[in-house]
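In: this one's sequence-less:
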């Protein structure tokens, strides 16, 4: 039987691993020859409607927020931060969302104005 | 900061009395003391609310083009309806060149327009408006879908006939539900008390079934019943609709 304290420790460790993975992914993106700006595929309402349900919810909330971290977005959607981070990175790979780092935090944005 | 409730008044087809419902509902909210902003978001076929409110000379088109913000565009119409609350109005540009220009916009522009719309919603919340009512263009296209996406609630105004069923289902299943919007239906212009309760077939509540009234059909775009004739059956129906939306 795992105690609540142990569960919290596991959760903290998993979040740290997730942060490291985010950083690695970001470094990989940054070293790509083609910039994100060149690849950005505008997220309009018709594209939103064509996304699978789980990505649409994430993208719609990000549209309302403009720019957010996975943690900030997960507060709005009531899903785990790691889950939102995964969805946001999928949207980045699809070219709908821009990702940038500021210090230790990774921000996702649909703003292009 | 208090919450602002944003309602998109939409219809799957044209000619359902959507604009009359939007105007009368907005005025009903303002008359009861709510701070209201009514926006004509039909950029393809602007009504400019038929000159019922003070002119502005500034257009919603300029917000979507990032030339102006919403505060610069809306005009105070409180005196024109003698409302308890603040009543502001925003118009789309009715000039044919503006309509032509809007019709040629690409997906990038539409994407930025949705961002501008969401930004405007935040500005109106900062200004303390209680209710924002956006009169959309009919049908399913970028214009109406953007407005639905930027709203909290969709009021679908339909004429109750079997021919509309496909359009109603398309709008509910194709736009409102995927975007996670709450919605309600107004059956307008019901002949002989006809009510098909069509929305309930798709799990959407029918909030009101308004009988067809000749004087509303003939004067609906020149007279605001909830202001000028509050005891009229149409005004009463709009009053009940307002309560139903609140529920």
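Out: In hand now; what should we look at? No experiment lies behind these values; they were computed from the predicted model shown. Numbers count the residues shown, from 1 in each chain, chains lettered A, B, ... in the order given.
In: Name the residues of stretch B:209-219 that come out as buried.
Out: Residues of stretch B:209-219 classed as buried under the neighbour-count rule (16 or more other CB atoms under 10 Å in any protein chain shown) are B:209, B:210, B:211, B:212, B:213, B:216, B:219. Every C-beta, even on glycine, is put in place using the N, C-alpha and C of the backbone.
In: In TSV: those, plus secondary structure.
Out: Shown next, in TSV, are these (DSSP: H, G, I helix; E, B strand; the rest coil):
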residue	secondary structure
B:209	strand
B:210	strand
B:211	strand
B:212	coil
B:213	coil
B:216	helix
B:219	helix
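In: Helices of chain A, start to end?
Out: Along chain A, counting by DSSP state H, helices occupy A:4-30, A:36-39, A:45-50, A:53-65, A:70-77, A:81-93.
In: Of those helices, which shows the lowest average pLDDT?
Out: Of all the helices of chain A, the minimum mean pLDDT falls on helix A:36-39 (a mean of 48).
In: Look up phi and psi at residue B:87.
Out: phi -130, psi 110 (degrees, to the nearest 10).
In: again with residue A:43
Out: phi -90, psi 100.
In: Give me the most central residue, chain A.
Out: residue A:88 (2.9 Å; CA atoms, centre = their mean).
In: For that one, which non-adjacent residue is spatially closest?
Out: residue A:108 (4.7 Å; CB to CB, 6 or more residues apart in numbering or on different chains).
In: wait, what's in contact with that neighbour?
Out: A:62, A:67, A:68, A:69, A:70, A:73, A:88, A:91, A:92, A:97, A:98, A:99 (CB atoms under 8 Å, 6 or more residues apart in numbering or on different chains).
In: Ignoring the adjacent residues along the chain, who's closest to residue B:31?
Out: With CB to CB, 6+ apart as the criterion, residue B:31 has its nearest non-adjacent residue at 5.5 Å, and that residue is residue B:83.
In: wait, that neighbour sits on residue B:30?
Out: Yes. At 3.7 Å, residue B:83 counts as touching residue B:30 under the criterion of CB atoms under 8 Å.
In: Give me the buried entries from the contacts of residue A:108.
Out: Buried members of the contacts of residue A:108, scored by 16+ other CB under 10 Å, are A:62, A:68, A:69, A:70, A:73, A:88, A:91, A:92, A:97, A:98, A:99.
In: Quick one: name the residues of chain B near chain A.
Out: Selection of chain B residues close to chain A by CB under 8 Å from any CB of the partner chain yields B:66, B:107-108, B:110-112, B:114-115, B:118, B:142, B:145-146, B:149, B:174-175, B:178-180.
In: now, which of these lie within helices?
Out: The helices, defined by DSSP H, take in B:107, B:108, B:110, B:111, B:112, B:114, B:115, B:118, B:142, B:145, B:146, B:149 from the residues of chain B next to chain A.
In: So what's the residue count around the first one?
Out: The one in question is residue B:107. 15 (other CB atoms under 10 Å in any protein chain shown).
In: Grab the nearest non-local neighbour of it.
Out: According to CB to CB, 6+ apart, the nearest residue to residue B:107 is residue A:44 (5.0 Å).
In: Which strand or helix spans residue B:125?
Out: Using DSSP states H and E, residue B:125 sits in helix B:107-126.
In: Repeat that for residue B:187.
Out: Using DSSP H and E, residue B:187 maps to strand B:182-190.
In: Just put the buried residues of stretch B:209-219 in TSV and tack on pLDDT.
Out: Converted to TSV, the buried residues of stretch B:209-219 look like this (pLDDT from 0 to 100):
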residue	pLDDT
B:209	86
B:210	87
B:211	81
B:212	83
B:213	81
B:216	79
B:219	78
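In: okay, the residues you listed in a markdown table with distance to residue B:138 next?
Out: As requested, the buried residues of stretch B:209-219 are exported to a markdown table (distance: CB to CB, whole Å):
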| residue | distance to residue B:138 |
| --- | --- |
| B:209 | 20 |
| B:210 | 18 |
| B:211 | 22 |
| B:212 | 19 |
| B:213 | 21 |
| B:216 | 18 |
| B:219 | 21 |
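In: wait, which of the residues you listed is closest to residue B:241?
Out: residue B:210 (8.0 Å; CB to CB).
In: The closest one and residue B:234 touch, don't they?
Out: Yes. Counting by CB under 8 Å, residue B:234 is a contact partner of residue B:210 at 6.7 Å.
In: re earlier: next, the buried residues of the strand holding residue B:187.
Out: B:183, B:184, B:185, B:186, B:187, B:188, B:189, B:190.
In: these two touch, right, the first one and residue B:175?
Out: Pointing back at residue B:183 there. No. The pair residue B:183 / residue B:175 is not scored as a contact, 9.4 Å apart, by CB under 8 Å.
In: Residues of chain A that sit close to chain B?
Out: Counting by CB under 8 Å from any CB, chain A sits next to chain B at A:42-46, A:48-49, A:53, A:56-57, A:60, A:63-64, A:66, A:110-113.
In: For the host helix or strand of residue B:170, name the packing helices and strands.
Out: Element membership for residue B:170 (DSSP H and E) is helix B:165-171. Judged by 3 or more CB pairs under 8 Å, 6 or more residues apart in numbering or on different chains; DSSP states H and E, helix B:165-171 is in contact with strand B:153-158.
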